[in-house]
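Participant: Here is my input, please return the structure:
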Amino acid sequence: MASRLSRIWPTLYRARLSSALGSRCVSQTPKSSASGAAVASDLQPVSPAAHDSHAHAEVSPFEKNPDFHGFHHHDSFVDEWNMRLAFFFGISVAIVVGGTFIHYLPDHGMRQWARREAERLIKQREAEGLPLMTDNYYDPSTIVLPSSGEE
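Facilitator: The predicted model follows:
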C-alpha cells in the first residue's frame, strides 16, 4: 500500500499546495489600541430588564460570534452545524473513497501476475515430470556456437 501511496503522493501534494496558495487568512479579532482595553463600541447598553443578579448586561449570542467557522455569518448554531457536517462528510468521503481508490489501483510492478505465472509453470512442469528448475536458462541444443576456426 505504501508503494501505491508513494505513486499518487506528488499529485496530492500539488493539489494541496495549489489550494493553499489561493487562500487568504483573515483575522476575526477586533483591533484595539491596548491589550484588554475596553472600547466604547464594545460596551453594551444596560437596561433594567437586561440585568441579572450580578448586574451584568445580557449579550445576544448572535451579535458577535467569537467561534466563527466561516459557514454562516449570522447564526452561530447554523455555523457550527454546517462546520460539523462539512468536516464529517469531507473526512468520511476522503477516507472511504480514497481508501477504495488506493485499494483498486492496478497491480504495481505486476507482482500478482508474476506469482500466478510462476505457480502455473510449476504445475505444468510437475505434470510433465520435469524438474522445477534446470541448470541452464536456455536450452543448450538451440544455442548456435561459432566454430573454433572462425576466430
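Participant: Going C-terminal from the helix ranked longest in the chain, what's the next secondary structure element?
Facilitator: In the chain, assigned by DSSP state H, the helix with the most residues is helix 76-103. Per DSSP states H and E, the first helix or strand lying C-terminal to helix 76-103 is helix 111-128.
Participant: who does the longest helix of the chain touch, helix- and strand-wise?
Facilitator: helix 2-21 (3 or more C-beta pairs under 8 Å, 6 or more residues apart in numbering; DSSP states H and E). Where you see a C-beta, it was placed from the backbone N, CA and C, and this is true even at glycine.
Participant: I'd like the average pLDDT over the helix it packs on.
Facilitator: Helix 2-21 shows a mean pLDDT of 57.
Participant: Stretch 127-134 too?
Facilitator: Rounded mean pLDDT across stretch 127-134 is 93.
Participant: One more: stretch 72-91?
Facilitator: On average, stretch 72-91 scores 87.
Participant: Go ahead and produce CSV holding the CA coordinates of that stretch.
Facilitator: The C-alpha trace of stretch 72-91 is given here as CSV (Å, rounded to 0.1, in the frame of the first residue of the first chain):
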residue,chain,number,x,y,z
HIS,A,72,-22.8,31.1,8.3
HIS,A,73,-22.2,34.8,9.2
HIS,A,74,-25.1,35.5,11.4
ASP,A,75,-26.3,32.3,13.1
SER,A,76,-23.7,30.6,15.3
PHE,A,77,-25.8,27.4,15.7
VAL,A,78,-26.1,27.0,11.9
ASP,A,79,-22.4,27.9,11.5
GLU,A,80,-21.3,25.2,14.0
TRP,A,81,-23.6,22.5,12.5
ASN,A,82,-22.5,23.3,8.9
MET,A,83,-18.9,23.1,10.0
ARG,A,84,-19.5,19.7,11.7
LEU,A,85,-21.4,18.3,8.7
ALA,A,86,-18.8,19.6,6.3
PHE,A,87,-15.9,18.1,8.2
PHE,A,88,-17.7,14.8,9.0
PHE,A,89,-18.7,14.2,5.4
GLY,A,90,-15.5,15.6,4.0
ILE,A,91,-13.3,13.4,6.1
